[in-house]
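Colleague: have a look; sequence and predicted model below, questions after that.
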Amino acid sequence: MQILIIEDEPRAANQLQNLLNKSILDFQLLDIIDSVEDAVLWFKKNTTPDLVFMDIQLADGLSFEIFQKVEIEAPIIFTTAFDQYAIQAFKVNSIDYLLKPIQQNELDTALNKFVKSNKSNAIEPTILKELLNSMQTPHKRSGILVKEGSGFVQIRTSELLYVYSQDSITFGVTHNKRYIIDETMDQLFDSLDATKFYRINRGQIISKISIQKIDTYFNHRVKLSISNPRDQEFIVSRQKTSDFKEWMNK
């Protein structure tokens with residue numbers, strides 16, 4: 001059985017591969033892809049795999065956008081850290097969905113369901129449009145609970161300059177201080193106002209008000225000068241540069 005994994009977090013992709021190796025499934029891993037753009041190119045150039053594991057939040061957008069650009073006939077098992085995404089994905093006739101961190105027994109159950117099912121998994125265009133519209137509605141979270149000493153305090157999202165991940169820890173930076181945020185980058189970004197915050201790459205989220213200057217950078221990327229950078233470099237990934245410029249113009 002030929003399997004394709006579409007996942008932008010290397011650790012999550014490795015974990016899924018390890019779980020698959022422990023499953024009863026005899027499979028060949030075709031590729032691991034981390035963006036909407038690269039997934040579209042892959043499906044255009046390759047034959048349809050037997051099964052696709054697809055993360056919902058990818059490096060350059062929601063994986064549902066792939067279906068708008070290329071026809072996918074393969075069965076899909078969605079993976080996500082967000083319960084509301086999982087429920088919606090299931091309504092789009094996926095074989096199943098798995099909530100991260102994925103457990104071996106849950107994967108085995110999904111694989112058994114896949115083996116027994118002969119249903120087509122074509123996504124209906126009307127359902128896909130509704131799904132994308134609902135997920136692209138800006139969130140308006142006003143506060144974030146952060147660690148301070150042995151307890152927690154709340155900071156306003158309006159104070160947040162940027163967020164970054166280091167050694168699997170999420171940090172939030174304001175003008176005066178750096179905080180530890182007890183959420184993953186995926187979870188946090190999903191809850192922020194998309195008109196004010198942008199995920200420039202896998203490990204960094206910036207607020208629009210923090211950007212002081214934008215410079216061109218090699219390989220068709222751009223580099224940002226940000227308030228209170230704390231030895232961080234802010235480089236917009238190649239896949240996101242065009243979308244980032246559009247976001248800045250809004």
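Modeller: That came through, no problem.
Colleague: what's the closest non-adjacent residue to residue 208?
Modeller: Spatial nearest neighbour of residue 208, chain neighbours left out: residue 196 (5.5 Å); criterion: CB to CB, 6 or more residues apart in numbering. C-beta: built from backbone N, CA, C; applies to glycine.
Colleague: tell me how many other residues crowd that neighbour.
Modeller: By other CB atoms under 10 Å, 17 other residues sit near residue 196.
Colleague: please apply the same query to residue 97.
Modeller: Neighbours of residue 97 using other CB under 10 Å come to 22.
Colleague: name the residues linked to it by a beta bridge.
Modeller: Beta-bridge pairing of residue 97 under DSSP bridges involves residue 78.
Colleague: related to what we said a few turns ago, right, and the residue nearest to residue 208 touches residue 205 too?
Modeller: No - using CB atoms under 8 Å, residue 196 is not in contact with residue 205; the gap is 10.4 Å.
Colleague: wait, what's in contact with the residue nearest to residue 208?
Modeller: Listed by CB atoms under 8 Å, 6 or more residues apart in numbering, the contact set of residue 196 reads 157, 207-209.
Colleague: out of those, flag the one nearest to residue 249.
Modeller: Here the nearest of the contacts of residue 196 to residue 249, counting by CB to CB, is residue 208; it sits at 11.0 Å.
Colleague: for the residue nearest to residue 208, phi and psi?
Modeller: phi -110, psi -20 (degrees, to the nearest 10).
Colleague: cool, and residue 18?
Modeller: According to degrees, to the nearest 10, residue 18 has phi -60, psi -40.
Colleague: what is the neighbour count of it?
Modeller: The burial count for residue 18: 11, using other CB under 10 Å.
Colleague: and what of the one 10 residues further on?
Modeller: Other residues near residue 28 come to 9 when the count uses other CB under 10 Å.
Colleague: just residue 203 next, same as before
Modeller: Residues near residue 203, counting by other CB under 10 Å: 14.
Colleague: that one and residue 166, how far apart?
Modeller: Distance, residue 203 to residue 166, by CB to CB, to the nearest Å: 8 Å.
Colleague: ok, residue 80 next?
Modeller: 23 Å.
Colleague: which residues in this protein form helices?
Modeller: Along the chain, the stretches classed as helices by DSSP state H are 10-22, 36-45, 66-69, 83-91, 104-116, 125-135, 185-191, 241-248.
Colleague: for those, which one sits closest to residue 58?
Modeller: It is, among the helices of the chain and with distance given as CB to CB, helix 36-45, at 5.5 Å.
Colleague: how about the closest one as CSV, C-alpha atoms only?
Modeller: The C-alpha trace of helix 36-45 is given here as CSV (Å, rounded to 0.1, in the frame of the first residue of the first chain):
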residue,chain,number,x,y,z
VAL,A,36,-0.1,23.4,0.1
GLU,A,37,2.0,24.5,-2.8
ASP,A,38,4.3,21.5,-2.8
ALA,A,39,1.3,19.1,-2.3
VAL,A,40,-0.4,20.5,-5.4
LEU,A,41,2.7,20.0,-7.5
TRP,A,42,3.1,16.5,-6.1
PHE,A,43,-0.5,15.5,-7.1
LYS,A,44,0.0,16.9,-10.6
LYS,A,45,3.2,15.0,-11.2
